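In: Need a 3D model of the following:
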Amino acid sequence: MTRAVVPQILKAATGRGWTITTAESCTGGMVAAALTDVSGASEMFQRGFVTYSNAAKSDMLGVRPATLETYGAVSEPVVHEMAEGARRAAGADIAVAISGIAGPGGSDTKPEGRVCYAIATAAGVSTQTIDHGALGRDAVRRAARDYALDMILAVLR
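Out: Okay, the predicted model is just below:
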């Protein structure tokens with residue numbers, strides 16, 4: 001799936017002269033890696049942010065400590081701020097942000113497989129939460145990567 005989507009993203013982004021950045025927590029850079037796995041990626045991708053800790057989210061992306069404290073790292077308000085901060089810091093046209101519970105584990109309120117996403121453009125930021133299920137760490141991370149890539153492509157269509 002990833003191999004089919006990324007060339008479409010590259011073609012659409014470069015056709016518009018748009019750039020893309022990533023702000024990733026639970027995926028640890030997997031979306032950035034997928035985007036840069038095709039020849040010509042530098043036309044659309046200059047940098048991404050792996051902000052695994054709360055401190056990194058605040059330091060690198062400007063996520064407010066109060067937002068982290070109130071909602072927790074795996075929340076739509078946090079990914080909203082991550083996406084805005086990444087777009088601003090990279091000077092990109094599109095920013096996708098991801099934070100989730102890859103597992104193992106989780107809690108009753110934030111189970112394994114829950115991932116929050118945000119996508120930011122000049123038109124604003126949209127967020128959503130997907131429960132991918134307790135698929136195991138690797139499968140949750142791959143599902144999150146693929147979902148984020150689909151979000152980027154949807155914006156470019």
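
In: Okay, helices next: where are they in the protein?
Out: 2-16, 30-35, 54-61, 65-71, 76-90, 137-156 (DSSP state H).

In: Identify whichever of these lies nearest to Q46.
Out: Q46 lies closest, by C-beta to C-beta, to one member of the helices of the chain: helix 76-90, at 6.4 Å. In this view, the C-beta of every residue, glycine as well, is placed from N, C-alpha and C.

In: What is the distance between the closest one and the centre of its chain?
Out: 9 Å (C-alpha atoms, centre = their mean, to the nearest Å).

In: Next, count neighbours for S58.
Out: By other C-beta atoms under 10 Å, the residues close to S58 number 17.

In: How about it, nearest residue that isn't a chain neighbour?
Out: P65 (5.8 Å; C-beta to C-beta, 6 or more residues apart in numbering).

In: Provide a list of residues in contact with the residue nearest the centre of the chain.
Out: The chain has A97 as the residue nearest its centroid, 2.8 Å off, counting by C-alpha atoms, centre = their mean. By C-beta atoms under 8 Å, 6 or more residues apart in numbering, the contact set of A97 is 22-24, 79-80, 82-83, 86, 117-120.

In: picking up where we left off before, the residue nearest to S58 and A134, how far apart?
Out: Applying C-beta to C-beta, to the nearest Å, the value for P65 to A134 is 30 Å.

In: go on, T27?
Out: T27 is 17 Å from A134, by C-beta to C-beta.

In: So the two - more neighbours on which side?
Out: More crowded of T27 and A134, by other C-beta under 10 Å: T27, with 27 against 17.

In: The residue nearest to S58: neighbour count?
Out: There are 11 residues near P65, going by other C-beta under 10 Å.

In: that older thread, identify, from the contacts of A97, the entry nearest to L156.
Out: Out of these, the member with the shortest distance to L156 (by C-beta to C-beta) is I119, at 10.6 Å.

In: is it true that that closest one touches I94?
Out: Yes: counting by C-beta atoms under 8 Å, I119 sits close enough to I94 to count as a contact (6.8 Å).

In: anything in contact with each of the two?
Out: Counting by C-beta under 8 Å, 6+ apart, the residues touching both I119 and I94 are 152, 155.
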